[in-house]
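Engineer: I need the structure of the sequence given here:
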Amino acid sequence: MNIIIITGASSGIGQEFARQLDTLFPGMDEFWLIARRKERMEALSRELSAKCRIIGMDLTDLVDLGRFSELLEIEKPRIRILVNSAGFGLMGETQRLSLPEQKAMIDLNCTALTEMTCRCLPYMQKNSRIIQMASSAAFLPQENFAVYAATKSYVLSFSQALRQELKHRGIYVTSVCPGPVDTEFFERAEQYGKTLAVKKLTIVPADRVVKKAIRDSYDKKALSVYSLPIQAFHVLCKLLPHDVIFGIMRRLKS
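Structural biologist: Residues are numbered from 1 along each chain as shown. This is a model prediction of the structure:
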């Protein structure tokens, strides 16, 4: 049985991956949609032509992860594509965010992504793809977004190293690093702080980010960065000392 697994499939980018991959792979045996909100995934499944298995689970819960591993052992699927898109961020000064909230970002963005990747790898084979949702926040430490940016730096570093490790198996890992995307992300992220106005000028639709991510994954690229402003930001972060960029960002804020 050939399958595609998508985490964070109840909203935003995860939903968009499901829609676009459904169009591109009409012969796939099953899509496994994973998130906590089952009713949203059930509604999404009615839009898709593929057979969908709705897996309501908390990716940070070891019991749920254990059940997922048991399901893999029973079904023994061939995972053609794994999309790890579950994640969230909170803006605000580190000292003002609660420790449980900051730990939750680490647990979901880093630990759960690693758990899902490692648990799925034994069921992947040559020409399988892993698409990891990182962020342009991975390019640079982010004041008032410190933990989130650090988690996405982890995702980028982990995924790039994993890509090298899996070359001999012909499994390709693509890290997706968009800037602001027009999803529900900001409804939660801006509880305690606000996005810089200049960042909101670069906001893009989720479907375009996903379309490029899928194309870049197909082309076996290590990195997928949508839009010229974010591509320029990526280059800037490589060329300039971070302290210089921090100074520019503070001036934009004042």
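Engineer: hey, let's count contacts and neighbours off CA atoms from now on
Structural biologist: OK.
Engineer: what sits against S136?
Structural biologist: Neighbour list for S136: 177-179, 225, 230, 234 [criterion: Cα atoms under 8 Å, 6 or more residues apart in numbering].
Engineer: what's the helix or strand containing C118 packed up against?
Structural biologist: Element membership for C118 (DSSP states H and E) is helix 113-120. Using 3 or more Cα pairs under 8 Å, 6 or more residues apart in numbering; DSSP states H and E, the elements in contact with helix 113-120 are strand 78-84.
Engineer: any idea which helix or strand comes after the longest helix along the chain?
Structural biologist: Longest helix in the chain, counting residues (DSSP state H): helix 146-165. Next along the chain after helix 146-165, taking DSSP H and E as the criterion, comes strand 172-176.
Engineer: Restricting to C-alpha, output that following strand in PDB.
Structural biologist: These are the backbone C-alpha positions of strand 172-176, laid out as PDB (Å, rounded to 0.1, in the frame of the first residue of the first chain):
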ATOM      1  CA  TYR A 172      15.200  13.100  -0.500                       C
ATOM      2  CA  VAL A 173      14.600  15.700   2.200                       C
ATOM      3  CA  THR A 174      13.400  19.200   1.400                       C
ATOM      4  CA  SER A 175      13.200  22.000   4.000                       C
ATOM      5  CA  VAL A 176      10.500  24.600   3.400                       C
END
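Engineer: Could you please name the strands it pairs with and the direction of each pair?
Structural biologist: In the sheet, strand 172-176 lines up against strand 129-133 (parallel), strand 223-224 (parallel) (DSSP bridges).
Engineer: Next, the angle helix 113-120 makes with the longest one.
Structural biologist: So that's strand 129-133. 170 degrees (axes from the mean of the first three to the mean of the last three Cα atoms, to 10 degrees).
Engineer: Just the C-alphas of strand 129-133, formatted as PDB.
Structural biologist: Provided in PDB are the C-alpha atoms of strand 129-133 (Å, rounded to 0.1, in the frame of the first residue of the first chain):
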ATOM      1  CA  ARG A 129      10.300  12.300  -0.200                       C
ATOM      2  CA  ILE A 130      10.300  14.000   3.200                       C
ATOM      3  CA  ILE A 131       9.000  17.600   3.300                       C
ATOM      4  CA  GLN A 132       9.800  19.500   6.500                       C
ATOM      5  CA  MET A 133       8.100  22.800   7.300                       C
END
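Engineer: hmm, who's touching that strand?
Structural biologist: For strand 129-133, contacts defined as Cα under 8 Å, 6+ apart pick out 80-86, 155, 159, 171-177, 213, 217.
Engineer: mind listing what's buried in it?
Structural biologist: Residues of strand 129-133 classed as buried by neighbour count (16 or more other Cα atoms under 10 Å): 129-133.
Engineer: Columns distance to Q164 on top of the residues you listed, output as JSON lines?
Structural biologist: Conversion of these to JSON lines gives the following (distance: Cα to Cα, whole Å):
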{"residue": "R129", "distance to Q164": "13"}
{"residue": "I130", "distance to Q164": "13"}
{"residue": "I131", "distance to Q164": "14"}
{"residue": "Q132", "distance to Q164": "15"}
{"residue": "M133", "distance to Q164": "18"}
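Engineer: Sticking with P26, tell me its helix or strand.
Structural biologist: Counting by DSSP H and E, P26 is held by no secondary-structure element, helix or strand.
Engineer: The residue nearest to L223 when sequence neighbours are not counted: how many residues sit nearby?
Structural biologist: In space, and not counting its chain neighbours, L223 is closest to S175: 4.9 Å by Cα to Cα, 6 or more residues apart in numbering. Other residues lying near S175 total 27 when counted by other Cα atoms under 10 Å.
Engineer: again, but for I248
Structural biologist: For I248, the count of nearby residues is 11 (other Cα under 10 Å).
Engineer: Tell me who's in contact with the residue nearest to L223.
Structural biologist: 131-134, 155-156, 159-160, 222-224.
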